[in-house]
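>>> from the sequence below, what's the structure:
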Amino acid sequence: MNAEEFRRRGKEMVDFVADYLENLEQRPVFPDVQPGYLRSLIPTEAPLEPENYEEIMKDVDRVIMPGITHWHSPYFYAYFPAASSYPAILADMLSGAIGCIGFSWAASPACTELETVMLDWLGKMLQLPESFIAGTRGHGGGVIQVHNGVQTSAFQPIPFKQHPQRWFAHSRGTASEATLMSLLAARCKIVRQVQSINPEMSEPEIFIKLVAYTSEQSHSSVERAGLIGGVMMKKVPTDSTYAVTGDTLKKIVEKDKEEGLIPFYFCATLGTTASCAFDHISELGPICNEQNMWMHVDAAYAGSAFICPEFRPLLNGIEFADSFNLNPHKWLLVNFDCSAMWVKKRQDMIGAFKVEPLYLRHENQESGLVTDYRHWQIPLGRRFRSLKMWFVFRMYGLQGLQAHIRKQVSLAKEFESLVRADKRFEICADVIMGLVCFRLKGSNELNQNLLKRITKRREIHLVPCHLTGRFVLRFAICSRTTESHHIREAWKHITQLTFELLQESIQ
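Numbering: from 1, shown residues only. Prediction:
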């Protein structure tokens with residue numbers, strides 16, 4: 001493909017993408033295929049001779065589209081939003097064309113410097129404490145975490161009896177990496193502190209005593225970070241709102257210290273995956289500071305809403321945290337993947353992972369104005385992800401982003417009101433943002449059967465969760481294009497299937 005054909009095909013692709021996004025409502029949101037469907041549709045080996053572009057695009061419709069779950073459909077209510085916007089798509093095109101690999105400032109100065117400034121922009125939108133803002137003289141700062149496969153032997157000198165696995169695929173450019181990086185940085189920091197007091201203690205002797213904590217409602221990636229980091233991870237019980245309180249954590253930490261363990265890390269969650277619950281970080285932060293524990297705050301989904309003044313109080317207590325993460329690719333109209341992380345003292349992160357081979361050094365790295373993001377992450381290379389933040393922030397503005405979030409919260413409230421008006425159903429958790437947890441009053445089996453019918457019909461897509469032993473349906477407002485009439489159509493569909501289910505149970 002030469003430049004002339006690229007121009008022509010590129011324009012065709014933009015039209016294809018625009019048509020796809022504009023007509024998503026007409027496609028079943030959930031695919032009707034069985035595992036292994038694709039293999040029989042394409043050859044078993046790559047072609048020897050070049051094929052033409054038209055045939056490839058025909059196969060996109062024939063082979064690919066039948067197996068796509070349409071995340072940006074207004075009838076997609078599963079998981080959490082996967083943000084999408086035209087400015088972000090255009091920026092991704094430009095990023096792919098530039099194709100730089102920004103492991104150091106010298107590898108492409110604009111790639112590094114724009115990222116630093118964009119994380120400062122977003123940090124200021126969130127009203128983060130000044131200690132998290134890089135500026136030109138700050139000790140903290142932000143990074144877009146990236147993904148890679150992680151071999152645990154690189155970080156785990158000894159296997160634990162509880163976790164004998166030696167390899168875990170860790171390939172999401174999301175909050176998973178931020179949690180893992182914060183835990184590994186905290187582990188390095190505590191080992192150095194212990195050895196400064198007890199130089200005779202070896203790292204394996206310290207590791208066996210380390211204990212990290214997180215909510216029983218936290219994302220599975222937190223537990224996996226503990227497995228990869230080779231440390232004990234304890235789950236802290238939650239209260240009636242599915243949140244961790246200060247008193248609960250304090251009792252567990254004190255008991256562990258009495259038993260000779262070394263508490264060193266706590267991952268708090270603001271907006272849990274199951275129910276969007278908020279740990280009480282204003283209580284938890286002072287305890288972590290007092291006990292010399294690193295506090296990481298995972299706000300992957302809900303964190304974006306803190307740019308709205310009415311939701312910012314939910315972030316009160318962040319001043320006690322050592323690190324903080326949210327995913328702009330969930331709710332800030334920035335396409336996947338883009339996971340933003342801030343640290344209060346970047347040296348704690350850099351000091352844990354800094355390796356300086358001669359071929360990666362450059363003459364400006366000692367200037368005091370240079371960030372080499374390879375020291376902030378597990379892999380070496382990184383894409384020019386900050387371009388899409390720059391495009392989106394400029395083309396929507398803070399007010400446009402706030403309007404998007406407020407609209408989706410109002411749609412969730414509308415769905416909540418529909419559920420509450422039907423006495424057959426119950427709301428299972430406080431509706432604070434864009435997630436509604438609900439269920440039919442009755443057995444778990446009844447709700448499982450309802451979800452099976454919803455999935456089989458493929459008109460809307462939901463996923464479940466468990467809350468205090470109950471099987472619960474999650475209804476998350478996800479698509480940028482979702483409107484009130486989509487919500488009402490979804491509820492009409494759910495109630496129709498409910499009627500059919502209940503009628504059959506009577507017969």
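>>> ok now the helix or strand in which His493 is found, how far from the chain's centre?
Here His493, judged by DSSP states H and E, is contained in helix 484-506. Here helix 484-506 is found 31 Å from its chain centre; the criterion is Cα atoms, centre = their mean, to the nearest Å.
>>> who's in contact with Leu398?
By Cβ atoms under 8 Å, 6 or more residues apart in numbering, the contact list for Leu398 reads 125, 307. For glycine as for every other residue, the C-beta is placed from the backbone atoms N, C-alpha and C.
>>> secondary structure element for it?
Short version, using DSSP H and E: Leu398 is in helix 386-420.
>>> show residues contacting the following helix or strand past that helix.
Once helix 386-420 ends, the next helix or strand along the chain (criterion: DSSP H and E) is strand 425-427. With Cβ under 8 Å, 6+ apart as the test, strand 425-427 has contacts from 416, 419-420, 436-441.
>>> could you list the low-pLDDT ranges of the stretch 151-300 of the chain?
Scanning the stretch 151-300 of the chain for pLDDT under 70 picks out the ranges 151-175.
>>> in it, which spans are helices?
175-197, 203-207, 220-229, 246-258, 281-290 (DSSP state H, counting those that start in this stretch).
>>> Val33: which of those helices is closest?
Ranking the helices of the stretch 151-300 of the chain by their distance to Val33 (criterion: Cβ to Cβ) puts helix 220-229 first, at 25.9 Å.
>>> list the buried residues for that closest one?
By 16 or more other Cβ atoms under 10 Å, the buried positions in helix 220-229 come out as 221-229.
>>> can you put the residues you listed in a markdown table and add distance to Leu333?
Formatted as a markdown table, the buried residues of helix 220-229 follow (distance: Cβ to Cβ, whole Å):
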| residue | distance to Leu333 |
| --- | --- |
| Ser221 | 23 |
| Val222 | 26 |
| Glu223 | 30 |
| Arg224 | 28 |
| Ala225 | 28 |
| Gly226 | 32 |
| Leu227 | 33 |
| Ile228 | 31 |
| Gly229 | 33 |
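>>> will you turn the helices of the stretch 151-300 of the chain into TSV that also has distance to Thr498?
Putting the helices of the stretch 151-300 of the chain into TSV (distance: least, Cβ to Cβ, whole Å) gives the following:
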stretch	distance to Thr498
helix 175-197	34
helix 203-207	52
helix 220-229	30
helix 246-258	37
helix 281-290	38
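>>> so which of these is nearest Leu473?
Closest among these, once you apply Cβ to Cβ, is helix 220-229, at 19.4 Å.
>>> next, the angle from that closest one to helix 175-197.
Put simply, helix 220-229 runs at 40 degrees to helix 175-197, going by axes from the mean of the first three to the mean of the last three Cα atoms, to 10 degrees.
>>> please name every helix or strand in contact with helix 220-229.
strand 167-168, helix 175-197, strand 210-215, strand 232-236 (3 or more Cβ pairs under 8 Å, 6 or more residues apart in numbering; DSSP states H and E).
>>> switch the cut-off to 10 Å
Judged by 3 or more Cβ pairs under 10 Å, 6 or more residues apart in numbering; DSSP states H and E, the packing partners of helix 220-229 are strand 150-151, strand 167-168, helix 175-197, strand 210-215, strand 232-236, strand 262-269, strand 294-298.
>>> which one, of those, ends up nearest to Gln402?
For those, proximity to Gln402 was assessed by Cβ to Cβ; strand 294-298 is nearest, at 21.2 Å.
>>> where in the stretch 1-150 of the chain is pLDDT low?
Looking at the stretch 1-150 of the chain by pLDDT under 70, you get 105, 146-150.
>>> how about 50 then?
Along the stretch 1-150 of the chain, segments meeting pLDDT under 50 span 148-150.
>>> Arg420 and Phe438 touch, don't they?
Yes: Arg420 lies in contact with Phe438 (Cβ atoms under 10 Å); the separation is 9.0 Å.
>>> common neighbours of those two, please.
Each of 426-427, 431 lies in contact with both Arg420 and Phe438 under the rule Cβ atoms under 10 Å, 6 or more residues apart in numbering.
>>> can I get the helices and strands packed on helix 220-229 in CSV including mean neighbour count?
Listed next are the helices and strands packed on helix 220-229 as CSV, based on neighbours: other Cβ atoms under 10 Å:
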stretch, mean neighbour count
strand 150-151, 18
strand 167-168, 14
helix 175-197, 22
strand 210-215, 24
strand 232-236, 19
strand 262-269, 27
strand 294-298, 28
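>>> closest to Ala18 out of the ones you listed?
The nearest among the helices and strands packed on helix 220-229, by Cβ to Cβ, is helix 175-197 at 30.5 Å.
>>> just how off-centre is that closest one within its chain?
Once both centres are worked out by Cα atoms, centre = their mean, helix 175-197 turns out to sit 21 Å from its chain's centre.
>>> repeat that for stretch 383-397.
Centroid separation for stretch 383-397 versus its chain: 18 Å, with Cα atoms, centre = their mean.
>>> ditto for stretch 289-299
Distance of stretch 289-299 from the chain centroid (Cα atoms, centre = their mean) equals 19 Å.
>>> Lys441 against Lys423, yeah?
Yes: using Cβ under 10 Å as the test, Lys441 is close enough to Lys423 to be in contact (8.0 Å).
>>> of the two, who's got more company?
Using other Cβ atoms under 10 Å, the more surrounded residue of Lys441 and Lys423 is Lys441, with 11 against 7.
>>> who touches the more buried one in this structure?
For Lys441, the contacting residues are 422-426, 447, by Cβ under 10 Å, 6+ apart.
>>> show me which of these are buried.
Using 16+ other Cβ under 10 Å as the burial test, those include 425-426, 447 as buried.
>>> so which of these is the closest to Phe80?
The nearest member of those to Phe80, counting by Cβ to Cβ, is Asn447 at 20.6 Å.
>>> pLDDT averaged over stretch 499-507 - what is it?
In this model, stretch 499-507 has a mean pLDDT of 85.
>>> with stretch 471-481 instead?
For stretch 471-481, mean pLDDT is 95.
>>> check stretch 429-441 too.
Stretch 429-441 comes out at a mean pLDDT of 96.
>>> starting at the chain centroid, how far to that stretch?
From the chain centre to the centre of stretch 429-441 is a distance of 20 Å (Cα atoms, centre = their mean).
>>> next: stretch 272-282.
14 Å.
>>> what about that stretch, how long is it end to end?
17 Å (Cα to Cα, to the nearest Å).
>>> now it: buried residues?
Using 16+ other Cβ under 10 Å as the test for burial, stretch 272-282 gives 272-281.
>>> check stretch 27-44 too.
Neighbour counts using 16+ other Cβ under 10 Å place 27-30 of stretch 27-44 among the buried residues.
>>> show residues contacting that stretch.
Contacts of stretch 27-44 (Cβ under 10 Å, 6+ apart): 20, 59, 62-78, 454-462, 479.
>>> the spatially closest residue to Phe266 that is not a sequence neighbour pairs with what?
Spatially, and ignoring its direct neighbours in sequence, Phe266 is nearest to Tyr213 (4.6 Å; Cβ to Cβ, 6 or more residues apart in numbering). Note on Tyr213: beta-bridge partners by DSSP bridges are Lys234, Phe266.
>>> ok, now how distant is Tyr213 from Val14?
As judged by Cβ to Cβ, to the nearest Å, Tyr213 and Val14 stand 48 Å apart.
>>> give me the contact list for the helix or strand that Asn447 is a member of.
Assigning secondary structure by DSSP H and E places Asn447 in helix 444-457. With Cβ under 10 Å, 6+ apart as the test, helix 444-457 has contacts from 28, 30, 32, 77-78, 425, 438-443, 460-464, 466, 469-474, 490, 493-494, 496-498, 500-502, 504-505.
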